[in-house]
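[1] the following block contains a protein sequence and its predicted model.
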Amino acid sequence: MRDYRVIADRIAAEIAAGRLRPGDRLPPQRQFARRRGIAGSTAARVYSELVRRGLVVGEVGRGTFVRAAEPAPSLALAEPAAAPVDLELNFPVLPGQPEQLAAALAGLTRPDVLAAALRPLGVTGDPDLRAAAAIALRRGGWAPEPSRILFSGNGRQGLAAAISALVPTGGRLGVEALTYPVIKGIAARLGITLVPLPMDEHGVLPAALDTVPAAYLQPTLHNPLGVTMPEQRRVEVVEALRRNDIPLIEDGVYGFLRPELPPLAALAPERTVLVDSLSKRLAPGLTLGFVVSAPESTDRLAAALRSGAWAAPAFAMAAARHWLTDGTACAIESAKRADATARQTLAAQHLAGFTRRADPAAYHCWWELPAPWRAETFVAAAARRGIAVTPAAAFAVVPGHAPNAVRLALSAPPMGTLAAALRVLAELARGVPEDTTMD
């Protein structure tokens, strides 16, 4: 039997040489096996190896396609005049925001204040910071108990600590079938198997929680789908958590955009760990992670933060305390809520007539592409026009089970550039791929 890795190397070489281009479809596995004179099981292993290397992606009911390359630095829009338009990353920084943050930090440069910020500070922070964080995290009439708030360097580190503390090595963690990609990397490094949980238009199906020992969910402004779980579904999810006696890790990083909605932690505080951060609220380079523990998990979470080297530096805590107490963070969050709504309105206007899913308050939307477009082909075509978008495969828990869709992150470009990019993408989607031939 021929080594499947040798055959995968040859396909990889064809991709690297450009003989197989982004968006090209590989033949069905049975046909591939006949052409190469190999067994069907070997062909399946070749395709799995190519998926593992990130060279191809499977689309349900469509086949296996060469993954899009990194966006090329070509120009498509009159403005901006340099880099591609980034609709992949979702880190909003508003005009004038650096000046607001700088003014709030001025007091930290005093030698006596700076001396305090340079000293070690544990994962529990200090009472003033915990009180300020409790106020900042309030949503829908809920506020966390300050004594249950721990601090990480950022939200990703908070998630890693929560997963490490609640799920044993070799264990299983239920996640939405389309999920935040960082979770996949964290789970792989911790030796944890992710179990995809089916969803509908309201979020995860509660019955799916009967099959897993722990869960990670994004009930508010789900990434990538942009959906927000309604009240009745939240109640049903909490009932399932209690029925199965399982812990929940709730990702609340986008919750500040829907401040009227309480988190799941408000309904099930005894079994929910809520993770949030300043990354989206303020900026990724000036951030702090918040981990709101369930009462019985505080010690385990604190130990995980320390042992994983995920604790926040004291200077970041001191800066966050200033922003949270002097009104700076609150003002920026309010401005971002208005900004997200305006950008979502712009997307709805330019993508009218297409199948698009999004919460009106979200900074991203989910776009189901029209035939004959495939996600990887569309991503490659958009990149050639200087626009970077993310294919559904990046969010799929199970390789080869990605829908034919892309996520658009709306926060990064100036409004005029965003409008121009959306026009280009809409025109592209109304046309046909440059190569529509099928094997």
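    In hand now; what should we look at?
[2] where's the nearest residue to Ile186 once chain neighbours are set aside relative to Ala309, distance?
    Computed as Cβ to Cβ, 6 or more residues apart in numbering, the closest residue to Ile186 that is not its neighbour in sequence is Ala160, at 4.9 Å. Where you see a C-beta, it was placed from the backbone N, CA and C, and this is true even at glycine. From Ala160 over to Ala309 the distance is 10 Å, taken as Cβ to Cβ, to the nearest Å.
[3] look at these two and report which has more neighbours.
    Ala160 (25 against 8; other Cβ atoms under 10 Å).
[4] okay, and that one sits in which element?
    Using DSSP states H and E, Ala160 sits in helix 155-166.
[5] one more: Gly54?
    With elements taken from DSSP H and E, nothing contains Gly54; it lies in neither a helix nor a strand.
[6] quick check: it vs Arg385, distance?
    Counting by Cβ to Cβ, the gap from Gly54 to Arg385 is 23 Å.
[7] looking at these two, which one has more neighbours?
    Taking Gly54 and Arg385 together and counting by other Cβ under 10 Å, Arg385 has the greater number of neighbours (19 against 11).
[8] what does the lengthiest helix in the chain contact?
    The helix spanning the most residues in the chain, taking DSSP state H as the definition, is helix 328-350. Outside of helix 328-350, the residues within contact range by Cβ atoms under 8 Å, 6 or more residues apart in numbering are 92, 94, 97, 100-101, 103-104, 136, 256-257, 259, 278, 280-282, 320, 322-323, 356, 358-363, 365, 408, 410-411, 415, 418-419, 422-423, 425-426.
[9] now that helix: how far from the chain's centre is it?
    18 Å (Cα atoms, centre = their mean, to the nearest Å).
[10] so, low pLDDT: which residues of the stretch 51-200 of the chain?
    Per-residue confidence of the stretch 51-200 of the chain (counting by pLDDT under 70) places the weak regions at 60-61, 68-83, 113, 116-117, 120.
[11] relative to Ser334, how far out is the most centrally placed residue in the chain?
    Centroid-nearest residue in the chain: Tyr180, 3.5 Å away (criterion: Cα atoms, centre = their mean). The spacing between Tyr180 and Ser334, counted by Cβ to Cβ, is 25 Å.
[12] how about Ile11?
    51 Å.
[13] could you give the number of residues near Ala215?
    Using other Cβ under 10 Å, Ala215 is surrounded by 28 other residues.
[14] try Pro230
    Residues contacting Pro230 under the criterion other Cβ under 10 Å number 14.
[15] over to Pro313?
    Residues near Pro313, counting by other Cβ under 10 Å: 15.
[16] what's the distance between it and Thr211?
    Taken as Cβ to Cβ, the span from Pro313 to Thr211 is 40 Å.
[17] for the residue nearest to Ile186, what are its contacts?
    Contacts here follow Cβ under 8 Å, 6+ apart; on that basis Ala160 touches 186, 190, 308, 310.
[18] that older thread, quick one: which of the contacts of helix 328-350 sit in helices?
    Checking the contacts of helix 328-350 against DSSP H, those in helices are 97, 100-101, 103-104, 136, 320, 322-323, 415, 418-419, 422-423, 425-426.
[19] show the buried residues in those residues.
    Of all those considered here, the ones buried according to neighbour count by 16 or more other Cβ atoms under 10 Å are 97, 100-101, 104, 136, 320, 322-323, 418-419, 422, 425-426.
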